[in-house]
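1. Give me the fold of what follows.
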Amino acid sequence: MLSERERRELADIEQQLALEDPRFVLVMRGLAKPVRRLPVVWFAGLVAWIVATTVTVVLGLWLPAEILAGVGAATVIAYGTVRVVRRVRRGRTRTWRC
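-> I've put the predicted structure just below:
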């Protein structure tokens, strides 16, 4: 348990933090989601994969093109599986309507 003086000090620190970085405070209180940079990395990887696969096909390097295609397909499947598993573990299942 905190003493009254420690509670006041903590409240002052929280107030100072809220003034300096309000976005951080919202994220810590659960009122805002943190910025996720993973989709940018995935997008850059996707572009690099498409370019590499296209170049190998144009140059007639069929074995590397097939390997790149297989790696790309496996990555997409793994990424989708990880997303679904995380969503289910967090209890965010959604019913899909056609």
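2. drop to CA atoms for contacts and neighbour counts, all remaining ones
-> Will do.
3. Past the helix or strand of the chain with the lowest mean pLDDT, which element shows up next along the chain?
-> Sorting the helices and strands of the chain by mean pLDDT, DSSP states H and E puts helix 22-29 at the bottom, at a mean of 77. Per DSSP states H and E, the first helix or strand lying C-terminal to helix 22-29 is helix 38-58.
4. tell me the mean pLDDT over that next one?
-> What helix 38-58 shows for mean pLDDT is 86.
5. tell me which residues in it are buried?
-> Neighbour-count burial for helix 38-58, with 16 or more other CA atoms under 10 Å as criterion, is recorded at W49, A52, T53, T56.
6. Stretch 83-92 now?
-> Going by 16+ other CA under 10 Å, stretch 83-92 has no buried residues at all.
7. mind saving the C-alpha coords of it as PDB?
-> C-alpha atoms of stretch 83-92 as PDB (Å, rounded to 0.1, in the frame of the first residue of the first chain):
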ATOM      1  CA  ARG A  83      -3.400 -14.100 -37.100                       C
ATOM      2  CA  VAL A  84      -6.300 -16.500 -36.700                       C
ATOM      3  CA  VAL A  85      -4.800 -18.300 -33.700                       C
ATOM      4  CA  ARG A  86      -4.100 -14.900 -32.000                       C
ATOM      5  CA  ARG A  87      -7.600 -13.700 -32.700                       C
ATOM      6  CA  VAL A  88      -9.100 -16.900 -31.300                       C
ATOM      7  CA  ARG A  89      -6.900 -16.800 -28.200                       C
ATOM      8  CA  ARG A  90      -7.900 -13.200 -27.500                       C
ATOM      9  CA  GLY A  91     -11.600 -14.100 -27.800                       C
ATOM     10  CA  ARG A  92     -12.100 -12.000 -30.900                       C
END
